[in-house]
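**Q** Below: sequence and its predicted model.
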Amino acid sequence: MSFELETAPNRENLRRVAIDPVSRVEGHGKVTLLLDEAGHIHEARLHIVEFRGFEAFIRGRPYWEVPVMVQRLCGICPVSHHLAAAKALDRVVGAVPVTATADKMRRLMHYGQILQSHALHFFHLSSPDLLFGFGSPVGQRNIVGVARAHPDVAKQGVLLRKFGQEVIRATAGKRIHGTAAVPGGINRHLDAADRDLLAAEVDQMVAWSQGAVALVRRLHEADPALYDQFGHFESGLLSLVRDDGAMDLYDGHLRLRDAAGTILRDDVADQEYLSLITEEVRAWSYMKFPYVTELGPQAGWYKVGPLARVQNCDFIPSPLAEAERKAFIDYTGGAIQHAPLAFHWARMIEMLHAAEVIREMLPDPDLVAGERMADGVRTGEGVGIIEAPRGTLIHHYGVGDDDLVSMCNLIVSTTHNNQAMNHAVRAVARKYLDGRELTEGLLNHIEVAIRAFDPCLSCATHALGKMPLIVELHDAGGAVVDRLSRD
Amino acid sequence: MSATFLLDGQPVSFEPGQTILEAARAAGRYIPHLCWHPDFPPHGSCKLCIVKVAGRHVSSCAMPAKEGWEVESDTPEMNGERRALLQMLFVEGNHFCPSCEKSGNCQLQALAYDLEMMTPRFNHFFPDRPVDASHPDVLLDFNRCIYCELCVRASRDKDGKGIFALTNRGIHKHLVVNAESGRLADTDFSADDMAANICPVGVILHKRVGFAVPIGQRTYDEAPIHLVAMRPEAAGDD
């Protein structure tokens, strides 16, 4: 099975152009283009070249080590892995539900994570493209250039991220790779002094987040031809939603919409994700390709992340972000927005929501006192799903009677978006690059499309031992003299 | 009047038969150590307590003090030797502090911080050492064993069970469980045994405890090992 422009029919006589590495994304990936003599694109692929292997080496480790170990997948959103693992292992230790204190501490930690990651992505990684133009001079197209030309925007970005990191420190114990969430609950309370420090700054964070939403919205309204069409493709939308249909980034059930906005599946319990999704392996990437099983690999791929979440939920349960969601929906008169650049708009609406949630939660007395741990009937398996900054994150573990992990399956946000990102790359390649002389600025258009998804390539390459591999030995004339393959 | 020797230029008095390390501790002076424990005779295997006496490097835990000796311990040369020993211990096993539940309570890690070990320096061995999770209450993670034999000695001499032993020699030496199957579940080991509570690193672990105490609030997070080890209650464990 292959998609248009995924594999050129005759690859031998084509010129290869590589964007390696793709810059201003988390992790390491590359794009390869195959062009003919007239510069027409015959193949475009986003490759993930990192190799991690977490699913394999977590096996045989004690389950209580897992939330701390697996978060090392990532330095940007370790909290998401930390919490997804803890949620999965809550099931194993029978802590369903966890205590109010544990639930609220984890939620606060998670919304701090959403805030800092979204701020990082928008201000540090993507704003240079959006403020200066995709083909602007490369020397300016970075956060230092933003700080020179728009010092207020850059400062807000840095301080928003810092605030999110402080929320994480206060709840997880460290800004990066904290250890607070444990199977069955949480190992600390929020310190009242930390709470007061955060409360003193949170109004400013909400205001700056509102400003960030307004900035992205202005960009869209100023150049709709670009923002609505750039890298455009249509796909289904997948995310968690709360039982009442509200946006909930920490917990809920899975909902799938088709590209037109019709709900295809709803109320899929997190423990039942395997009834919805299958992962496919392709020979040219370390990243797998998930799809909705009943729709098949050709039609069943979808996108996750802010653009899916903002349009998949029925409402956002915080007033300022909900008003911005409505404006987002009104922009197209209610039609689903699929434009990759609309990810930025949706992402900033979520950042505003996260700031509002943090503001609402901080005075909660359950954060500074109360029972931290719960337990119950032990089971041998658990699934934890969370909406990480980049989208739906699934952790699934089997645990033996000896307390060791016997099975681990991780489907991370960027993996869900694999097919979608490849589609965006191909849409941009067709429209902007096909038949033209390639320049750095033109190639950056490809990267702009990838960046919109905020991919985390290091997270996405955690599998081991499932890669099909083909090795061919050619003689000087190009004939195959030996061939080894592993399925 | 008792005899004295000089430790880093300062007089330390001692009783006949006392080792350099014992006399130093009695005088409130810390000499780093891993395999030494106040409840057991000197073992002399980790060599962290190395000091320089009369031009020779000796294990202070095993060397009886002598009148008039000039002993060098907290010097760049001796601490450099200790760092190299720590580096060898780190690369010989699989010590991944970031995800180790013993982090903050581990004497190997605490000494590495205290002696400012900044890199592993040598190539890692990455040995393959499967864990033994067969016991209902205790996990054995052999990846972190430093062969101090504290568990061997505690089980044999205090618990009266003889559950642990070192087998093979040299580079092939490793900790084993004294059962035909080799599994801890097939012994009468108990989580209340002294041997279950004496490991200075993260080999013998009470199950399902993990990260219940946050990193940052643990023994050696609160105070460096050269202070913790000199507390009256310090018995070599956490």
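**A** Received it, and whenever you're ready, just let me know what you need. Numbers count the residues shown, from 1 in each chain, chains lettered A, B, ... in the order given.
**Q** Surely residue A:419 touches residue A:301?
**A** Yes. Here residue A:419 lies in contact with residue A:301, judged by C-beta atoms under 8 Å, at a distance of 3.8 Å. (Each C-beta comes from the backbone N, C-alpha and C, glycine too.)
**Q** Are there residues contacting both of the two? Which ones?
**A** A:235, A:289, A:291 (C-beta atoms under 8 Å, 6 or more residues apart in numbering or on different chains).
**Q** wait, residue B:40 sits on residue B:155?
**A** No. Between residue B:40 and residue B:155 there is no contact under C-beta under 8 Å: 11.7 Å.
**Q** So the two - more neighbours on which side?
**A** residue B:155 (24 against 16; other C-beta atoms under 10 Å in any protein chain shown).
**Q** does the more buried one sit in a helix, a strand or a coil?
**A** Under DSSP: H, G, I helix; E, B strand; the rest coil, residue B:155 falls in the helix class.
**Q** nearest spatial neighbour of it, skipping sequence neighbours?
**A** Using C-beta to C-beta, 6 or more residues apart in numbering or on different chains and skipping residues adjacent in sequence, the residue nearest residue B:155 is residue B:195, 3.8 Å away.
**Q** Are we agreed that the one you found is in a strand?
**A** No. Membership of residue B:195 in a strand is not supported by three-state DSSP, which gives helix.
**Q** does it really touch residue B:159, like I thought?
**A** Yes. Using C-beta under 8 Å, residue B:195 makes contact with residue B:159 at a distance of 5.6 Å.
**Q** low-confidence ranges in chain A?
**A** For chain A, the stretches with pLDDT under 70 are A:1, A:24, A:26-27, A:49-51, A:457-487.
**Q** and with 80 instead?
**A** A:1-2, A:20-29, A:48-53, A:75, A:283-287, A:455-487 (pLDDT under 80).
**Q** Kindly report the same for chain B.
**A** B:1-2, B:233-238.
**Q** what's the neighbour count on the residue in it that chain A sits nearest to?
**A** Across chain B, the shortest distance to chain A (C-beta to the nearest C-beta) belongs to residue B:210, at 3.1 Å. Residue neighbour count, defined by other C-beta under 10 Å, stands at 21 for residue B:210.
**Q** Which one of the shared contacts of residue A:419 and residue A:301 is nearest to chain B?
**A** Out of the shared contacts of residue A:419 and residue A:301, the member with the shortest distance to chain B (by C-beta to the nearest C-beta) is residue A:289, at 29.4 Å.
**Q** Now do the contacts for the residue nearest to the closest one when sequence neighbours are not counted.
**A** Spatial nearest neighbour of residue A:289, excluding adjacent residues (C-beta to C-beta, 6+ apart): residue A:280 at 4.5 Å. For residue A:280, the contact set (C-beta under 8 Å, 6+ apart) comprises A:288-291, A:297.
**Q** Near residue 140, how many other residues are there?
**A** Went with chain A since none was named. 15.
**Q** wait, chain B
**A** 25.
**Q** I'd guessed it sits against residue B:151; true?
**A** No. Using C-beta under 8 Å as the test, residue B:140 is too far from residue B:151 to be in contact (9.4 Å).
**Q** so what sits against both of these two?
**A** Common neighbours of residue B:140 and residue B:151 (C-beta under 8 Å, 6+ apart) are B:203-204.
**Q** near chain B, which residues of the stretch 51-200 of chain A show up?
**A** By C-beta under 8 Å from any C-beta of the partner chain, the residues of the stretch 51-200 of chain A that approach chain B are A:60-62, A:64-65, A:67-69, A:72, A:93, A:173-174, A:177-180, A:182-183, A:187-188.
**Q** For stretch A:325-342, buried residues please.
**A** A:325, A:328, A:331, A:336-342 (16 or more other C-beta atoms under 10 Å in any protein chain shown).
**Q** Need the max-distance pair from these.
**A** A:325 and A:340 (18.7 Å; C-beta to C-beta).
**Q** The closest residue to chain B within the stretch 201-350 of chain A: neighbour count?
**A** Going by C-beta to the nearest C-beta, chain B is nearest to residue A:250 of the stretch 201-350 of chain A, at 20.1 Å. Residue A:250 is flanked by 22 other residues according to other C-beta under 10 Å.
**Q** For it, list the residues it contacts.
**A** Here residue A:250 is in contact with A:83, A:106-107, A:110-111, A:386-387 (criterion: C-beta under 8 Å, 6+ apart).
**Q** Please apply the same query to residue B:183.
**A** So residue B:183 contacts B:132, B:134-135, B:177 (C-beta under 8 Å, 6+ apart).
**Q** give me phi/psi at it?
**A** phi -100, psi 140 (degrees, to the nearest 10).
**Q** longest helix in chain B, by residue count?
**A** What stands out as the longest helix in chain B, according to DSSP state H, is helix B:76-92.
**Q** just to revisit the earlier point, residues near the closest residue to the residue of chain B closest to chain A other than its chain neighbours, how many?
**A** With sequence-adjacent residues excluded and distances taken as C-beta to C-beta, 6+ apart, residue B:210 is closest to residue A:64, at 3.1 Å. By the criterion of other C-beta under 10 Å, residue A:64 has 24 neighbours.
**Q** Am I right that residue A:64 is in contact with residue A:183?
**A** Yes. Counting by C-beta under 8 Å, residue A:64 touches residue A:183, with 5.8 Å between them.
**Q** Spit out the residues that contact these two alike.
**A** Joint contacts of residue A:64 and residue A:183 (C-beta under 8 Å, 6+ apart) are A:89, B:210.
**Q** How many neighbouring residues does residue 92 have?
**A** No chain in the question, so chain A it is. 22.
**Q** try again with chain B
**A** Around residue B:92 there are 17 residues (other C-beta under 10 Å).
**Q** how near is it to residue B:120?
**A** 10 Å (C-beta to C-beta, to the nearest Å).
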